[in-house]
Every structure is written in structure tokens, then in C-alpha cells.
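Q: from the sequence below, what's the structure:
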Amino acid sequence: MDLSTTIAGIRFPSCFMNASGALCVTKEELIALGRSRAGAIVTKSMTVEARQGNPAPRYYGFPGGSINSMGLPNLGYKAYAELIPELKRLGKPVIASVAGLCEDDFPVIAQAINEAQPDLIEVNLSCPNIPGKPQIGYDAEASERLMKRVRKVITVPMGVKLPPYFDPAHHKLMGDVIGRCGVDFLNLINSVGNGLVVDPETETVVIKPKGGFGGLGGTIIKPVALANVRAFWKHFEGRMPIIGTGGVMNGVDAFEHLLCGASAVQIGTALVEEGVGVFDRLEQELAACLEKRGYRSVSECRGKLREL
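A: Here you go, the predicted model:
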């Protein structure tokens, strides 16, 4: 069974990889991903300065999903720029995830990271967990301005990680913007922002930052993720490579993302809960799922979702 995939001309030995934010902050975590069955090493979304992130507890798993308000803990872009050559020697593609606390941060980080030559750069327009900072991806004009600025300094394939959109008008608006900005791939979606989980036993929220508000992940967000993958697949008529992120807990979940148009899938909640061994399980489950349905590769089923 061929579980490899290609995105923007870069071949990945497996279609499974970590989502930025899940066990990928430190050098040790990134090397562990490189030695695992993951098809890529995706860095934590990086800012100009190193960040501790929000106070703990800031992650909570519950039946059906997770909530987090991590606050972009990361080593700072200079540390990741130094790490990238070492990570590339582990023999799989490296995706550097670039963020920023203001618009002007992005080109500075992108230029330095581009010089380190990761295989791809993902521009994160969608972190929902910085107190006082809105998601850039919900502002079409700001998103277009930023993407055009970073595109000028990025020479490797450039993708964007987007927040969830809930209206076809927004899918079209952002699809049109993306089409004008030289984007090579999409990552859909980041966590569903500003959910709230309550513990009725203690009568409290379950995470400390932002009064308990945080990004939702896991099974609970899968329908939203699938809808965004499908909407953008159709907008670009299958020509834009898409990484599906959200609710992939087993091989069938991954198959659903592929059917909707994803070329690869990223794992967040399941990776945090299980560790890097999750990639072995997911590969086995997806291979069994594809074989049962008569598919011989990931690419054979991509986008094949049928409508009634």
C-alpha cells in the first residue's frame, strides 16, 4: 500500500504528520518526530522572541476532543533557523511554521527561515489563543497584504494555515485572495477558536488562560475541518494541494479527509494523547481502510467524495 504523497513538488514518505503545536516545540521533540513514522517534521509556529506561552493548565482532553490555549510557546525563530539543517538530515521533509504577534513580524521571520531552507514554509494566519490578538485569517485584506509580503522573501513552497470558515461566502472570498498570492498549498484547519469546556463537578473551567476559552480540537471539530477541505478543494478545482487537519483520531478519519480532497493529514490531539507511536497505528489503520475499499494508494482516493 502506497501511503506516500506529494505536495508542491515535495515527496512525503507518509501522508501523516504532526500538526504544528503538537509535541514540536523543543529540539528533542522535533528529533523524536524525525525518528518516528511521521511523514514530515512540522515545527511549532515561531515568533520573533522565544515565548513561554500562557499559564498552565492550558491543555485539557475530554471525551470527543480537546481544548487548549497554549499561547504560542516556542524557541524563537533564530533557534529554529539553526535547527533546520540538522532536522533535514533525518531524511524527511521539514515544514517550518511561521507566525508573528504583528504583521511586521512575519516577513522578518520568513526571510530568516527561508535562508535555512526548510522544504516548505507554512504561514500561520490562524492562532486563536493569543490574548488580545485577533486571527489574521478572518481579515481578508490583512491576509492578502501579509501573504504578498512574505511571498516576496520565500523561495521554497509556501502554504498558509487557515482558521475554520463557516460560510460559503468566506470560502470564496479567501479562495480568491489565496489565488492572487502565489500560495502553493493550504493547511485546513487550525483549532476552532474560543470554545469553552466546563467541569460540572468542580463548577470551573478546565484551562486557566483567557477565562477558560480555548481552541477546540479532536473528533468534535472533524465535520468543520472536512467542510473546509472540501470547500477549498472545489474552489481550486483540485489543483491546490491541501493538508487536512482536525479530528483525525483513526485511519477512517484520515480516509475521510482524503476523500474530501486532502493530500496529507496532520495530527494534533491524538499525538498529544498517544505520543509519536500514534503514526504507526494510523498508517496501519489507513492501509487497511484503503485495501478494504480497493484503493492502492493515497492519491487514488483523493477528492473522490460523491454527492447524493
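
Q: who touches stretch 195-205?
A: Tyr60, Phe62, Ile67, Val206, Ile207, Gly211, Gly212, Phe213, Gly214, Gly215, Leu216 (CB atoms under 8 Å, 6 or more residues apart in numbering). No exception for glycine: its C-beta is placed from N, CA and C like everyone else's.

Q: could I get these as a markdown table with secondary structure?
A: Conversion of those to a markdown table gives the following (DSSP: H, G, I helix; E, B strand; the rest coil):
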| residue | secondary structure |
| --- | --- |
| Tyr60 | strand |
| Phe62 | strand |
| Ile67 | strand |
| Val206 | coil |
| Ile207 | coil |
| Gly211 | helix |
| Gly212 | helix |
| Phe213 | strand |
| Gly214 | strand |
| Gly215 | strand |
| Leu216 | strand |
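
Q: neighbour-wise, give me the winner out of those.
A: With neighbours taken as other CB atoms under 10 Å, the top of the contacts of stretch 195-205 is Gly214, carrying 31 neighbours.

Q: partners of that residue in the sheet?
A: With DSSP bridges applied, Gly214 shows beta-bridge pairing to Gly195.

Q: and it, what does it touch?
A: If you count contacts by CB under 8 Å, 6+ apart, Gly214 has them with Arg58, Ile67, Asn68, Ser69, Pro128, Asn129, Ser191, Asn194, Gly195, Leu196, Val197, Ile207.

Q: the last one touches Gly53, doesn't it?
A: Read that as Ile207. No: Ile207 lies out of contact with Gly53 (CB atoms under 8 Å); the separation is 11.9 Å.

Q: how far does stretch 3-23 stretch from one end to the other?
A: With CA to CA, to the nearest Å as the measure, the first residue of stretch 3-23 is 23 Å from its last.

Q: tell me the buried residues in it?
A: Across stretch 3-23, burial judged by 16 or more other CB atoms under 10 Å covers 3, 5, 7-8, 10, 12, 14-23.

Q: give me the distance from it to the chain's centre.
A: Computed by CA atoms, centre = their mean, to the nearest Å, the separation of stretch 3-23 from the middle of its chain amounts to 10 Å.
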